[in-house]
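> heads up, no residue letters with this:
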C-alpha cells in the first residue's frame, strides 16, 4: 500500500512538472475573443446586464456560463486584472478535467495503470494548456463533458449526468449537440423509458427556459458569432475538412486508430459504442461549421480525452488477451502499444516541433501575443486616459452622425478645391494663354502683310 502511494505521489509530481513547463513555454498568451467575453462579464458585474457596451444588446459571446462565472469574480475583486481572475477560475476546471479523464479511462479499462497513461497524454497536449491560458470556455466545457460521460459510464442511471451536460450546454452554445445526443442514446439504451423521461424533465426545462430567455433578450435564435461565421463553408468549402485533417494530424490521431479499433472489436458494450458515435458526430460537426481560426485546434479538444481513454483501454484489452502468452510473444504487442503512446505524446507536445502545421501554430501564437498585448491592450490604456469610467467615446448616436456629417462636408469641400486646382484652373489658364497667343500672332501677320503691300 505504501509503495503504491509513493508511485502515485511520484506520478502526480511528474504531471505537475510537465504542466508547469507547458504553461511557462506558452507564456502570457491572450486573445481578443477573450476580451470580448470579459466585456460582457464586466457589464454584468456592474449591473448593466449581459451587454457588450452601453445597452448594446448583441450576443457577441457563445459561453454564457463562463461569462457569468467571470462576472462573479469581477464583482468580488473589481480592481484585479480580469485575465488573472479568469486563470484562477480555470485552475479547478483543469483539475476536474484530469480527474474526469482518469474516471473515464478507469470505467473503460480494468487497470489503473492505463488511466495514468491517459493523464500523461493529456499533460503532454500543448493545445489543452494553450486553451487554458487563453481563458475561453474550452477547458471548462470539456471538463464538464468528460465528467458527465464518466459518470454515465460508471452507472447508466446516474442522476447527475444530465444536469452536468446541461451545465456544459450553458458553458458553450453548441453544447446542445452532446446534450441531445446523450438524451437520444440514453433513452434508446434504457429499458425504463418513461422513468428516464420524467427524471430528465427538470434539467431539460432549465435549458429550455435559458434558451428562450436569451432568444427574447437578444432577439436572435443563435449568437451573433454563429451568423458571422455562417458563410465560411460557402466562401471556403474545404476549410472544415482541411481543419479536421490538420488537427488530427497534429495530434497524431492515426497512431491511436489501431488500439481504438481493437477496443471496439474486443469490447463492444454501450460505453464503446457511445464514445465512437460521439467522436464521429463531433468530427462531422467541426467539418460542417468550417473549423476555427485559433491556433490550438480548440474544436477538437473536447474529444481528446475520449480518444486517449479509448486508446488506453484498447492497450489494456490487448494486454489482457495476451495473459496466457509468454514475454517473448507479448513483447511485440507491448512495444507497439508503447510506440503508439510515444508517437501521440511527441506529436501533441510543443517540446517537439515536428510538422509545418505545428511550427505555423507556434508562430501564430506569437503573432497573437503581439497583436493583443501591443495593439489592443496598449490602445485600451490610451483610451482609458481620454475617457472617464462610465463615459462613452461618443455620447449619443446623434453626435456621432453630426461629426460624420461635418467630416463628409470637409471631404467634399476638399475634393471641390482639389478639382479646381488640378483641372479647372489649368483649363482656364490654357484658354486664356491660347487666345492671347492667337491675337499676338494675328497682329504680327497683319503688320507683315502691310509691309509687303506696294504703295
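That came through fine. The model shown is predicted, which means the values in this text are computed figures rather than measured ones.
> Just name the shakiest helix or strand of the protein by mean pLDDT.
The weakest-scoring helix or strand in the chain, judged by mean pLDDT, DSSP states H and E, is helix 425-452 (a mean of 53).
> what are the ranges of the helices in the stretch 101-250 of the chain?
Counting by DSSP state H, counting those that start in this stretch, the stretch 101-250 of the chain has these helices, from start to end: 112-124, 126-134, 138-154, 161-171, 176-189, 193-218, 224-228, 232-235, 239-250.
> Serialize these to CSV and add fields for mean pLDDT and mean neighbour count.
Where C-beta positions appear, they are placed from N, C-alpha and C, glycine not excepted. Listed next are the helices of the stretch 101-250 of the chain as CSV, based on pLDDT from 0 to 100; neighbours: other C-beta atoms under 10 Å:
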stretch, mean pLDDT, mean neighbour count
helix 112-124, 87, 22
helix 126-134, 90, 25
helix 138-154, 95, 25
helix 161-171, 95, 24
helix 176-189, 93, 16
helix 193-218, 93, 14
helix 224-228, 79, 14
helix 232-235, 73, 12
helix 239-250, 80, 18
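> export those helices to a markdown table and tack on distance to residue 264?
Listed next are these as a markdown table, based on distance: least, C-beta to C-beta, whole Å:
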| stretch | distance to residue 264 |
| --- | --- |
| helix 112-124 | 16 |
| helix 126-134 | 25 |
| helix 138-154 | 15 |
| helix 161-171 | 23 |
| helix 176-189 | 16 |
| helix 193-218 | 26 |
| helix 224-228 | 34 |
| helix 232-235 | 30 |
| helix 239-250 | 18 |
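> so which of those gets nearest residue 329?
helix 112-124 (20.3 Å; C-beta to C-beta).
> Name all residues that make contact with the residue nearest the centre of the chain.
Residue closest to the average C-alpha location in the chain (C-alpha atoms, centre = their mean): residue 298, at 4.9 Å. For residue 298, the contact set (C-beta atoms under 8 Å, 6 or more residues apart in numbering) comprises 127, 131, 136, 138, 292.
> swap in residue 68?
Contacts of residue 68 by C-beta under 8 Å, 6+ apart are 41, 44, 50.
> before we move on, the earlier item: relative to residue 345, which of the helices of the stretch 101-250 of the chain is closest?
helix 112-124 (4.5 Å).
> could you check the angle helix 126-134 makes with the closest one?
Following axes from the mean of the first three to the mean of the last three C-alpha atoms, to 10 degrees, one obtains 60 degrees for the angle between helix 112-124 and helix 126-134.
> quick revisit: can you list the contacts of residue 68 in JSON lines and add distance to residue 206 and pLDDT?
Supplementary listing: the contacts of residue 68 in JSON lines, determined by distance: C-beta to C-beta, whole Å; pLDDT from 0 to 100:
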{"residue": "41", "distance to residue 206": "21", "pLDDT": "94"}
{"residue": "44", "distance to residue 206": "19", "pLDDT": "93"}
{"residue": "50", "distance to residue 206": "17", "pLDDT": "92"}
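> Top of those residues by number of neighbours, please.
Within those, neighbour counts (other C-beta atoms under 10 Å) peak at residue 41, which reaches 25 neighbours.
> What's the separation between it and residue 136?
Computed as C-beta to C-beta, to the nearest Å, the residue 41 to residue 136 distance reads 12 Å.
> so where is the stretch 201-350 of the chain shaky, pLDDT-wise?
Residue ranges of the stretch 201-350 of the chain with pLDDT under 70: 233, 350.
> which residues in it form strands?
Under the criterion DSSP state E, counting those that start in this stretch, the stretch 201-350 of the chain carries no strands.
> Nearest residue to residue 73 in space, please, no chain neighbours.
residue 85 (4.1 Å; C-beta to C-beta, 6 or more residues apart in numbering).
> mind listing what's buried in the helix or strand that contains that neighbour?
Here residue 85, judged by DSSP states H and E, is contained in helix 82-108. Within helix 82-108, the residues scored as buried using 16 or more other C-beta atoms under 10 Å are 82-83, 85-87, 89-90, 93-94, 96-98, 100-108.
> Mind giving me the packing neighbours of that helix?
Contacts defined by 3 or more C-beta pairs under 8 Å, 6 or more residues apart in numbering; DSSP states H and E place helix 82-108 against helix 32-45, helix 64-76, helix 112-124, helix 126-134, helix 138-154, helix 270-289, helix 304-321.
> so which of these comes closest to residue 416?
In terms of C-beta to C-beta, the element of the helices and strands packed on helix 82-108 nearest to residue 416 is helix 32-45, at 40.3 Å.
> Could you check the closest one and say which residues are buried?
Residues of helix 32-45 classed as buried: 33-45 (neighbour count, 16+ other C-beta under 10 Å).
> quick one: which of the helices and strands packed on helix 82-108 is nearest residue 420?
Residue 420 sits nearest to helix 32-45 of all those, at 44.7 Å, using C-beta to C-beta.
> which ones are touching the closest residue to residue 86 other than its chain neighbours?
Among residues not flanking residue 86 along the chain, residue 135 sits closest, at 3.8 Å (C-beta to C-beta, 6+ apart). Going by C-beta under 8 Å, 6+ apart, residue 135 touches 30, 34, 83, 86, 87, 89, 90.
> May I ask which two of the residues you listed are separated the most?
Across the contacts of residue 135, no pair lies farther apart than 30 and 89, at 15.3 Å, counting by C-beta to C-beta.
> wouldn't residue 214 be in contact with residue 64 here?
Yes. Counting by C-beta atoms under 8 Å, residue 64 is a contact partner of residue 214 at 7.1 Å.
> burial count for residue 156?
Using other C-beta under 10 Å, residue 156 has 15 neighbouring residues.
> distance of it from residue 149?
As for residue 156, its distance to residue 149 is 11 Å (criterion: C-beta to C-beta).
> try residue 270
Going from residue 270 to residue 149 by C-beta to C-beta gives 12 Å.
> Repeat that for residue 37.
26 Å.
> sorry, back to before: same question for the helix holding residue 85, mean pLDDT?
Here helix 82-108 scores 94 as its mean pLDDT.
> so who does residue 47 touch?
For residue 47, the contact set (C-beta under 8 Å, 6+ apart) is empty.
> Give me the phi and psi angles of it.
Residue 47 adopts backbone torsions of phi 90, psi 10, taken as degrees, to the nearest 10.
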